[in-house]
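A.B. asks: Got a predicted structure here, sequence first:
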Amino acid sequence: MTDYRIELGDSRERLVRHPIYKLVDSPQKMKAFMEAHIWAVWDFQSLLKAVQRHLSCVTVPWTPTSDPEARRLINEIVLDEESDELPNGSFASHFELYLRSMEVAGADTGPMKKVIEQIQAGVKLSEALLDPSIPTESREFVNRSFSIINSGSSHRIVAAFTYGREDVIPDMFRQVVVRLAEYSPEVWGQFRFYLERHIEHDDEHHGPVCRRIVATMCGSDPIKWAEASEAARLALEARINLWDSVSVRLAAI
């Protein structure tokens, strides 16, 4: 029996070893990092909902999808990411938690909030992203994510979500948590909670679950495995490109 697997080349290792994690060495740089990273946090939610759309029924009238286990697993992930329980007993998406963390830290949330308001008002994403206040590298990252979403290819979308996000996020975020330990918990406590929450969910549950879903979707089809691998690598390379540009910005502070 052929041992199929996702081929990432050196993309994952390059992302985990990226110099950006050492550059975030002051509160001012951390705020600049957050102002660029919030866009990846936001489009993560859209990528997640795209996965849910392919693995469960989100239309009316409802009909059962073909894989009950995958349906259950993705809905569990959506619950965690979209309506997580906070320490005070309230609920929020991880995006909303990140946005609040930015506000407490004094980072600029204006561009992100403006795009959300525009989309809620019916403005097309492509038009909303033209706002010049959006960091260029963040705009490019979001556009790459939505190109995968709009491909309509379920195994590509799930692979990009799994290996470009859930699988690698814990190893990235642990390095930022180490930096936050040096800063005021009154200012940075919420952000640290966000990072640690993501590490906990993704490392212990979401990552393994998503890898199983990818394996089920690709089955024994070598073409699907190759396409899923390509989508995963492209997602990782998009994050590397984002980090490269943000690193230049941080080095100038």
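C.D. replies: Looks like it came in fine. Here the structure is a predicted model, which is why all the values come from computation and not from measurement.
A.B. asks: quick one, strands of the chain?
C.D. replies: When assigned using DSSP state E, the strands of the chain occupy the ranges 84-85, 91-92.
A.B. asks: Pick out the shakiest of these, pLDDT-wise.
C.D. replies: Out of the strands of the chain, the stretch the model trusts least by mean pLDDT is strand 84-85, with a mean of 92.
A.B. asks: what comes into contact with that one?
C.D. replies: 91-94, 97, 197 (CB atoms under 8 Å, 6 or more residues apart in numbering). Yep, even glycine has a C-beta here, placed from its N, CA and C like the rest.
A.B. asks: and E196, what is it in contact with?
C.D. replies: The contact partners of E196, taken as CB under 8 Å, 6+ apart, are 173, 177.
A.B. asks: Numbering from 19 from now on, please.
C.D. replies: Got it, first residue is 19 now, which makes that one E214.
A.B. asks: For L198, see how far away it is.
C.D. replies: According to CB to CB, to the nearest Å, E214 stands 9 Å off from L198.
A.B. asks: before we move on, the earlier item: which one of the strands of the chain lies closest to L91?
C.D. replies: Taking CB to CB, strand 102-103 is the member of those nearest to L91, at 16.6 Å.
A.B. asks: What pairs with the closest one, parallel or antiparallel?
C.D. replies: In the sheet, strand 102-103 lines up against strand 109-110 (antiparallel) (DSSP bridges).
A.B. asks: Please indicate which of the contacts of strand 102-103 are buried?
C.D. replies: Burial by neighbour count, judged by 16 or more other CB atoms under 10 Å, picks out 110-112, 115, 215 from those.
A.B. asks: Can you lay out those residues as a markdown table showing distance to L33?
C.D. replies: Converted to a markdown table, the buried ones among the contacts of strand 102-103 look like this (distance: CB to CB, whole Å):
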| residue | distance to L33 |
| --- | --- |
| A110 | 27 |
| S111 | 24 |
| H112 | 20 |
| L115 | 23 |
| R215 | 21 |
